[in-house]
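Asks: Requesting a structural model of the entry that follows:
(chains A, B, C, D, E and F)
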6 protein chains.
Amino acid sequence: MTAHVIVRDFERVDPALAEGLAALGVSTVHEADQRRGALAPEIRPIQSGVCIAGPAVTVSCHPGDNLMIHAAVETCRPGDVVVVATTSPSTDGMLGELLATSLRAHGAIGVVLDAGVRDVAQLRAMGFPVWARAISPRGTVKASPGSVNVPVVCAGQVVYPGDAIVADDDGVVVVPRARAAAVLEAGRRREAAEAGKRERLAAGELGVDMYNLRPLLAELGVSYLDRPPT
Amino acid sequence: MTAHVIVRDFERVDPALAEGLAALGVSTVHEADQRRGALAPEIRPIQSGVCIAGPAVTVSCHPGDNLMIHAAVETCRPGDVVVVATTSPSTDGMLGELLATSLRAHGAIGVVLDAGVRDVAQLRAMGFPVWARAISPRGTVKASPGSVNVPVVCAGQVVYPGDAIVADDDGVVVVPRARAAAVLEAGRRREAAEAGKRERLAAGELGVDMYNLRPLLAELGVSYLDRPPT
Amino acid sequence: MTAHVIVRDFERVDPALAEGLAALGVSTVHEADQRRGALAPEIRPIQSGVCIAGPAVTVSCHPGDNLMIHAAVETCRPGDVVVVATTSPSTDGMLGELLATSLRAHGAIGVVLDAGVRDVAQLRAMGFPVWARAISPRGTVKASPGSVNVPVVCAGQVVYPGDAIVADDDGVVVVPRARAAAVLEAGRRREAAEAGKRERLAAGELGVDMYNLRPLLAELGVSYLDRPPT
Amino acid sequence: MTAHVIVRDFERVDPALAEGLAALGVSTVHEADQRRGALAPEIRPIQSGVCIAGPAVTVSCHPGDNLMIHAAVETCRPGDVVVVATTSPSTDGMLGELLATSLRAHGAIGVVLDAGVRDVAQLRAMGFPVWARAISPRGTVKASPGSVNVPVVCAGQVVYPGDAIVADDDGVVVVPRARAAAVLEAGRRREAAEAGKRERLAAGELGVDMYNLRPLLAELGVSYLDRPPT
Amino acid sequence: MTAHVIVRDFERVDPALAEGLAALGVSTVHEADQRRGALAPEIRPIQSGVCIAGPAVTVSCHPGDNLMIHAAVETCRPGDVVVVATTSPSTDGMLGELLATSLRAHGAIGVVLDAGVRDVAQLRAMGFPVWARAISPRGTVKASPGSVNVPVVCAGQVVYPGDAIVADDDGVVVVPRARAAAVLEAGRRREAAEAGKRERLAAGELGVDMYNLRPLLAELGVSYLDRPPT
Amino acid sequence: MTAHVIVRDFERVDPALAEGLAALGVSTVHEADQRRGALAPEIRPIQSGVCIAGPAVTVSCHPGDNLMIHAAVETCRPGDVVVVATTSPSTDGMLGELLATSLRAHGAIGVVLDAGVRDVAQLRAMGFPVWARAISPRGTVKASPGSVNVPVVCAGQVVYPGDAIVADDDGVVVVPRARAAAVLEAGRRREAAEAGKRERLAAGELGVDMYNLRPLLAELGVSYLDRPPT
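Replies: Numbers count the residues shown, from 1 in each chain, chains lettered A, B, ... in the order given. All right, here's what the predicted structure looks like:
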């Protein structure tokens, strides 16, 4: 019954699948996975216009303590996305320019933090993308144990090491490794279908007709009035 | 005693008045209406530098359900601003690129959402302005009834269909249709007065003199010290 | 036992020290002061890429009332940073373009507000930097007493008039006047040390080695596994 | 265009209807009114086991200022429930023992506050029920104008003077005066129906059978598994 | 790739282990499991002085929709604790007296809800314990699919069906089924050790001596002063 | 420039003054000190009907770490109230039965925590009063330095060691040691004055008359209407 471990290696989602998911974007992936896996919207990007996807390296930290992110660096492989959770809520700045430099040197392409980030001006200048709960200068200690590459709960979603993380301006979604191929396929079908819908809607066709919602509205007892009731 | 209705048409604020209010901006309009009508500051724009104004099309949705926004599309007229409230707090992404495309096709010039928005990169690219409580990829269902063009409470303010909605970088304000002309006139007077004040303040005149606040400070018992008390 | 005072003058942190602190930035200053003085991360800039530092002019206001900011203007000297706290939480827009114009005319280089700001488009156009808890069009009254240049608690930190305020994209930090020289020196040492660390980390050296964290991890009982437990 | 008024008198919901609604309780009334009118759950009672109902006397206050509650006292009639909203969020203690004594002397049977209350030990001892957003010792000033007996938004619901307010351990609900009789009748029907349902459920009958939910589950694509998937 | 399932049966934690954990209480169990498994403190009991433990029946609901709790009833066995999560945050009253009656009839001994509860006066009178995020009269619909007895994230913790849930005045903790025996044993050792410590501390022995913290304080650079610095 | 110290002794507010303040209660003391010193209302008692007052022993902890509370025990004297702040927000359970037993053995009469408490059933049974931000089973480590008996910011107020802390059902207020005698005297005058006011208000006299508010209402432009405007 050991509480704290660092797992050096694990199965990762196929890089080609990750690439495909990044091309779809977070909201489409979330829909394609039957509306599962979206992290809480409090997790926001510090940059705009960036979409990344890659396998998760997971980190569980004590609040106010970034020791385990340091410990996670050597487990990163090119293309990984580091996902950091804390055992209690925290907004402290657990990641800054130096740690980002180290993560990038070991292949990480971005970080998702259910906590705070700092040195945001430098991180934007570096082009190293981060999604975080807060921007905070408050520094952290390196004093308490945690774990690396174990299942974590990050912003309301379970993330297993190796799961696909997709992050863009809409937020962050996690897709379990075993579902990634199916989700990618469903997402591409959805994207194709949306192109046609977009055109019809732009031409003025109504969603209530296109999606056949009028019978549902009637069944739900929604009635029409020509003018406001007096 | 029917709970759920869709009102097809209603009186709208005069487009010329809306145009005038947009030129004043949210904070001036709010002051001109005697500090009424400002929605809660949690409602933020997803873009910057945009100011719009127009009559409200109102939508009341069940949380996590955007059926009624679809139902509202056909009630939009060119220049309308769609205002969406939920019956319980929600940050789910109730509006995305497709629905925005549909709303735009029917004349809507923007949306105010007391909930979440998604596809923000696409919405910014489209130039379709949105003010929302959150950005979230979480999708919604189409399963529960609601109402369109009834009075709603959105972010702490009552909005009647046809009221003037003004939205810019400072947030969102609602002006009741019947007060719009008077508010516009008061706002223009205020704007004219502010130009002179701005010049005087920029030249170093003190607000405590210009607004004659020294007698008030004395009456309130505020005293002056040359140096900190020891 | 007088509650409300306006203190006209006080000792200010040396301008050269403030300039030095601004060059270091908020997160480095916070670390250099042994992780003290960071205001809560809810205080966010309305602009990006700006770093300022200067002595604090402090203001304590009743919620929803900006009378005392007006009273503070004549106590400002060139280079000052105005710090506004409220006696109860508030997000109302206590500062707008006119008041900023007045503050700038009296030398203030920026404002930190534990409350709301408005006219943000105009403030950005003016290049007048503000850090605030909220952006809100809601106006305030001028009716209740408060104090100027007394110690205040702003976003969780005590600020004395004349203390050094440093503010950038990471947030805001306060350095007590008496510690400013020592903090500046410590910050410069830290910055110099970080340059070398950055280079080593960029070259792939691990933080767990560079900071000698492996013995600590062992002592804390963190164990390594080559693969996930089954 | 006068902003601030005190309305001395208005139509009140029939006392017999209020009495009937109090006997049903908040949750039943809310359901009977087709799930409308429930104030946000942040409004909590300071006592337990009390249910009241009566016509609303409404008050709109500036945050941190209870002047208008004082002004409202003389408009109270026996059986009224005072409903207080603030124009911006506030948790300050706007009501204490003295003001409660005054309200009771003029017939008020309780208060609903979208703000703070204090002297709670004394209020509990007096048996004067209060529902509030916070308990706070922070006192308020009497300096800013507001209104009495105008429509207000309180905790997300519009309340008109004279509407029926029902409050108990579950929270607070408002019923528009014009709907009170119909809601009472619907609530009594519901209560009668619930008695039978309670008995059947207590005997082990399943809700999925009693409410005929199995076809819905099937239609929604929910499938059954005898054991967890492996 | 089916999203929504109801799992009829699963392995449950041994009732004797649950009984043992209930006797220890939440905080001791959490410590005994190496500080894992505590749900967020926003989940509060509606009663006091009650401690329960039992295997989890898990429910995942759409916000504002309690259909799946109804579906879960027939999967309950005597001694179970029902754990309800929503796919987006919600405070709506998803559970009331009738549903509690039904759950009790099928053996459930309590409910943990990451959402709202209502009919709290009746639930207290029934002696049916509930831990919830909110008390709210707002009713829910029965319209959207979800799942029963799948892994859920509830208030920040993963709960598998059959895991041990322990809940008392301190909150709620989940213990994975496979660790329950070891945690019980560790908890009993801890409880025994605490009895001795309590006696020593009550007699005036200092924790810094009993836990040997003085060397740690010295190592961390904490120094002693006889009087405040001037 | 030492960051972390434990101050063994300091001047305490006179016990007779503390006793007098306890008899007045928090809200009266806060008013008597010109509405200063009230901690944020998020700090709530875990018991009801208790009022305590005594000199503050102050503790500054790292979030999730209660080492410094242990270090503070030996600085307590009979009648002290322990005030705990964290350097970043935290709700972890930093205090439980054992630590309370130790504090009581050294004379502490209660604790104010800007963090979490646990073992609340046991603390209530012991009759040891606590005011805290949260109730949480989450345990803390003993790993990071902090300070004892230095000025701290606790829930928005500065507390110096030896200041008078008053805490009851309304919350917590701090009175600087140097003002305690004057505040006590002002509070007693206020209490005496309130007795007369209570009687007059109970007899039906209006506050707008007793406090002479009618001229203020007129000056503020508040007008009276006999009936609602149509």
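
Asks: Chain E contacts on chain A?
Replies: When proximity is defined by CB under 8 Å from any CB of the partner chain, chain A lies next to chain E at A:1, A:3, A:34-36, A:40, A:87, A:89, A:151, A:153, A:156-158, A:179, A:182, A:186. (Each C-beta comes from the backbone N, C-alpha and C, glycine too.)

Asks: and the longest strand seen in chain A, anywhere near chain C?
Replies: Identified as the longest strand of chain A according to DSSP state E is strand A:52-61. No - figure legend: strand A:52-61 not in contact with chain C (CB under 8 Å from any CB); closest approach 10.7 Å.

Asks: Just give the closest residue to residue A:165, not the sequence neighbours.
Replies: residue A:81 (4.2 Å; CB to CB, 6 or more residues apart in numbering or on different chains).

Asks: just to revisit the earlier point, what packs against the next helix or strand after the longest strand of chain A?
Replies: Sequence order places helix A:67-72 as the next helix or strand after strand A:52-61, per DSSP states H and E. Helix A:67-72 sits against strand A:5-7, strand A:52-61, strand A:81-86, helix A:97-105, strand A:147-148, helix C:207-210, helix C:214-219, with contacts defined as 3 or more CB pairs under 8 Å, 6 or more residues apart in numbering or on different chains; DSSP states H and E.

Asks: picking that back up, any idea how far chain E is from the residue nearest to residue A:165?
Replies: Applying CB to the nearest CB, to the nearest Å, the value for residue A:81 to chain E is 20 Å.

Asks: Just list the residues touching that residue, thanks.
Replies: Contacts of residue A:81 were listed using CB atoms under 8 Å, 6 or more residues apart in numbering or on different chains, and they are A:52-57, A:108-112, A:165, A:167.

Asks: Kindly indicate the member of those with the most neighbours.
Replies: When neighbours are counted by other CB atoms under 10 Å in any protein chain shown, residue A:165 leads those with 33 neighbours.

Asks: you'd agree that one is in a strand?
Replies: Yes - Residue A:165: assigned to a strand according to DSSP: H, G, I helix; E, B strand; the rest coil.

Asks: That one contacts residue A:56, correct?
Replies: Yes - contact criterion CB atoms under 8 Å: residue A:165 and residue A:56 qualify, at 4.9 Å.

Asks: Spit out the residues that contact these two alike.
Replies: What both residue A:165 and residue A:56 touch, as defined by CB under 8 Å, 6+ apart, is the set A:81, A:83, A:159, A:174.

Asks: Spit out the contact partners of the third one.
Replies: By CB under 8 Å, 6+ apart, the contact list for residue A:159 reads A:56, A:58, A:83, A:85, A:151-153, A:165, A:174.

Asks: same deal with residue A:148?
Replies: Contacts of residue A:148 by CB under 8 Å, 6+ apart are A:5-7, A:57-60, A:68, A:71-72, A:75.

Asks: So what sits opposite it in the bridge?
Replies: residue A:6, residue A:59 (DSSP bridges).

Asks: how close does it get to chain D?
Replies: Residue A:148 is 27 Å from chain D, by CB to the nearest CB.

Asks: List the contacts of residue A:63.
Replies: Applying CB under 8 Å, 6+ apart, we find residue A:63 in contact with A:86-90, A:92, A:115, F:63-64, F:88, F:90, F:92.

Asks: Now render those residues as JSON lines, adding pLDDT.
Replies: As requested, these are arranged in JSON lines below (pLDDT from 0 to 100):
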{"residue": "A:86", "pLDDT": "98"}
{"residue": "A:87", "pLDDT": "97"}
{"residue": "A:88", "pLDDT": "97"}
{"residue": "A:89", "pLDDT": "97"}
{"residue": "A:90", "pLDDT": "97"}
{"residue": "A:92", "pLDDT": "98"}
{"residue": "A:115", "pLDDT": "98"}
{"residue": "F:63", "pLDDT": "97"}
{"residue": "F:64", "pLDDT": "97"}
{"residue": "F:88", "pLDDT": "97"}
{"residue": "F:90", "pLDDT": "97"}
{"residue": "F:92", "pLDDT": "98"}
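
Asks: Which positions in chain A make contact with chain F?
Replies: Residues of chain A that fall close to chain F, judged by CB under 8 Å from any CB: A:62-65, A:87-92, A:138, A:141, A:143-144.

Asks: Closest to residue B:131 out of the residues you listed?
Replies: Closest approach between the residues of chain A next to chain F and residue B:131, by CB to CB: residue A:91, at 25.0 Å.

Asks: Is it correct that that closest one is in contact with residue A:136?
Replies: Yes - the pair residue A:91 and residue A:136 qualifies as a contact (CB under 8 Å) at a distance of 5.2 Å.

Asks: Using the three-state scheme, assign the residue nearest in space to the middle of chain A.
Replies: Nearest residue to the geometric centre of chain A (CA atoms, centre = their mean): residue A:172, 2.2 Å. In the three-state summary, residue A:172 is assigned as strand, counting by three-state DSSP.

Asks: again with residue A:191
Replies: Relying on three-state DSSP, one would call residue A:191 helix.

Asks: quick one: contacts for it?
Replies: A:24, A:28.

Asks: need the residues of chain A near chain B, please.
Replies: Contact residues (CB under 8 Å from any CB) of chain A with chain B: A:25-27, A:30-31, A:35, A:38, A:41, A:44, A:48-49, A:168-171, A:173, A:194, A:197-198, A:201-204, A:206-208, A:211, A:213, A:216-217, A:220-229.

Asks: Mark which of these are part of strands, please.
Replies: Members of the residues of chain A next to chain B lying in strands (criterion: DSSP E): A:44, A:168, A:171, A:173, A:223-225.

Asks: any low-confidence regions in chain A?
Replies: Scanning chain A for pLDDT under 70 picks out A:1-2.

Asks: From the residues of chain A next to chain B, list just the buried residues.
Replies: Listed as buried from the residues of chain A next to chain B are A:25-27, A:30-31, A:35, A:38, A:41, A:44, A:168-171, A:173, A:194, A:197, A:201, A:206-208, A:213, A:216-217, A:220, A:222, A:225, A:228; burial here means 16 or more other CB atoms under 10 Å in any protein chain shown.

Asks: Count the residues that sit near the residue nearest to residue A:34 when sequence neighbours are not counted.
Replies: Closest residue to residue A:34 apart from its sequence neighbours, by CB to CB, 6+ apart: residue E:3 at 3.8 Å. Counted with other CB under 10 Å, residues neighbouring residue E:3 total 16.
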